[in-house]
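coords below, sequence missing:
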């Protein structure tokens, strides 16, 4: 039996956002001696040991100790290093939330937090592993930049930007996404389609579904891979009918305050779609959960049509 | 390595002035054991142990002192003032809106204060990260000293840090535990045992005895972090 070695392009095409992250890390560590990756077991087994070997001392796996993971990140930053901290959203933002708040923010320190799995990337894992609260929780804190890429190539751009900056950056990786990458380096929203009867903002992985769900409507579709800071200028500058829908792959309503602030002084209507708050207590597939939250194409079409025709 | 500190500048005030400095913050002439539980440890650290310099508070090769137990910081501010990091006049506004000196310290406001603290159980993790960072950036000289309280050790985050520091042998890290017997449920078998079982060198010491404290902080502890348990009067006594 013969085997064929896949080309780099084939590898890249098959790669999801999380796999891209693991593949990028060794090179980033080698290029920048200030960088360190801090893990709490999750992810440690996915790094290529050969590629990582030259910087192995800067891969710090603290064991299943998420409070310490953030404390160590803060301490590294105190000595001038740039920590990248990685695990699933509930163990990165929720369990050690006070460390995120105090060991980074209150100390005036920067770090790059990278989660994987999105809101329900492992549906079989159930509620304990669901991550839809992450961006809303970070919204209670000062000074966080939040990226929600929709394609592995966007992860590349945003991760490189994040490690080169000094600030507090959250990079939210999702298993699902869009067929093609967008140019996300400016942090501004991109106009995917111009229309005259309302605006739909699609965040990260939601773009292809939003385009499909609104194909029959005369609406402007904006794409946001960076949600904090929220690109208020683009929303205001492209506004037609002041009917706005925002579709987010995490807790519904997370960006409602940002949209309201962007449109302050403008009478407008807003529909905020995303993951519901109710515990469904269901497993299954991501497709099942997309449908349950109305985030599949038909669900989005139903909600957006009902809103815009009322 | 030109960075040296121990030469005392003339702006430094003696130990005997600490009560007067504290009075500028508290208004009281006398201070109970609770307010001064850390005083002698802090004095010995700043006077004899730490390589820090008020003229260069951000020097990359300085030793790092992290006050994890942010409560009751008057003794800390007094010791910092005695060593030139603050002026005695800075102490007068303690806790007021325009002061940099809060009831819990803020590392972004006060020169020489490495971290903001107050919520218990954060300093040890930050100290572990600092020790790792210094090691990774090739700065093998500076030591990292973190001060925690015996009640503060109730917080589980400390256990995570103690375990990890022992496993990776952070030999430039020292934890000093001020034990004034204030942990509500106590520490049966003593505090040092919790560190020893995780691979730390440990010393129990009288937290009021300056000579004993100096010896404790300079004990050899190759390839292991050091825990100094400094016993002072019981909080409830």
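Received the coordinates, thanks. The shown structure was predicted, so the numbers you read here are calculated from the model rather than taken from an experiment. Numbers count the residues shown, from 1 in each chain, chains lettered A, B, ... in the order given.

so where does residue B:103 fall, helix or strand?
Using DSSP states H and E, residue B:103 falls within no helix or strand.

Counting neighbours, what do you get for the nearest residue to it once chain neighbours are set aside?
Nearest in space to residue B:103, with sequence neighbours left out and distances taken as CB to CB, 6 or more residues apart in numbering or on different chains, is residue B:95 at 5.5 Å. Yep, even glycine has a C-beta here, placed from its N, CA and C like the rest. For residue B:95, the count of nearby residues is 12 (other CB atoms under 10 Å in any protein chain shown).

cool, and residue A:292?
Neighbours of residue A:292 under the rule other CB under 10 Å: 18.

Between the two ends of stretch A:131-141, how far is it?
Separation of the first and last residues of stretch A:131-141 by CA to CA, to the nearest Å is 18 Å.

One more: stretch B:95-102?
Stretch B:95-102 has an end-to-end distance of 5 Å (criterion: CA to CA).

And for stretch A:69-89?
Stretch A:69-89: ends 13 Å apart by CA to CA.

What residues of it count as buried?
Along stretch A:69-89, these residues count as buried under the neighbour rule (16 or more other CB atoms under 10 Å in any protein chain shown): A:69-79, A:81-89.

chain center to that stretch, what's the gap?
Centroid separation for stretch A:69-89 versus its chain: 19 Å, with CA atoms, centre = their mean, to the nearest Å.

average model confidence for it?
Averaged over stretch A:69-89, pLDDT sits at 98.

That stretch close to chain B?
Yes - using CB under 8 Å from any CB of the partner chain, stretch A:69-89 comes into contact with chain B via A:70-81, A:83.

ok, for residue B:191, nearest residue in space, not its chain neighbours?
residue B:229 (5.0 Å).

Strands - which of the residues of stretch A:69-89 next to chain B land there?
Judged by DSSP state E, the subset of these located in strands is residue A:83.

Which members of the residues of stretch A:69-89 next to chain B are the farthest-apart pair?
A:70 and A:80 (17.8 Å; CB to CB).

buried ones in the helix or strand containing residue A:236?
Here residue A:236 is covered by helix A:232-237, with elements defined by DSSP H and E. For helix A:232-237, the neighbour count (16+ other CB under 10 Å) marks A:234, A:235 as buried.

Could you give the separation of that helix from the chain centroid?
Remark: helix A:232-237 is offset 21 Å from the chain centroid, using CA atoms, centre = their mean.

And the helices in chain A, which stretches?
Applying DSSP state H to chain A gives helices spanning A:8-14, A:17-31, A:49-52, A:66-78, A:89, A:97-99, A:134-138, A:152-164, A:207-213, A:232-237, A:256-262, A:286-292, A:297-308.

could you redo those as JSON lines and give each row distance to residue B:168?
Output for the helices of chain A, formatted as JSON lines (distance: least, CB to CB, whole Å):
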{"stretch": "helix A:8-14", "distance to residue B:168": "34"}
{"stretch": "helix A:17-31", "distance to residue B:168": "18"}
{"stretch": "helix A:49-52", "distance to residue B:168": "18"}
{"stretch": "helix A:66-78", "distance to residue B:168": "11"}
{"stretch": "helix A:89", "distance to residue B:168": "27"}
{"stretch": "helix A:97-99", "distance to residue B:168": "19"}
{"stretch": "helix A:134-138", "distance to residue B:168": "29"}
{"stretch": "helix A:152-164", "distance to residue B:168": "24"}
{"stretch": "helix A:207-213", "distance to residue B:168": "43"}
{"stretch": "helix A:232-237", "distance to residue B:168": "46"}
{"stretch": "helix A:256-262", "distance to residue B:168": "42"}
{"stretch": "helix A:286-292", "distance to residue B:168": "38"}
{"stretch": "helix A:297-308", "distance to residue B:168": "49"}
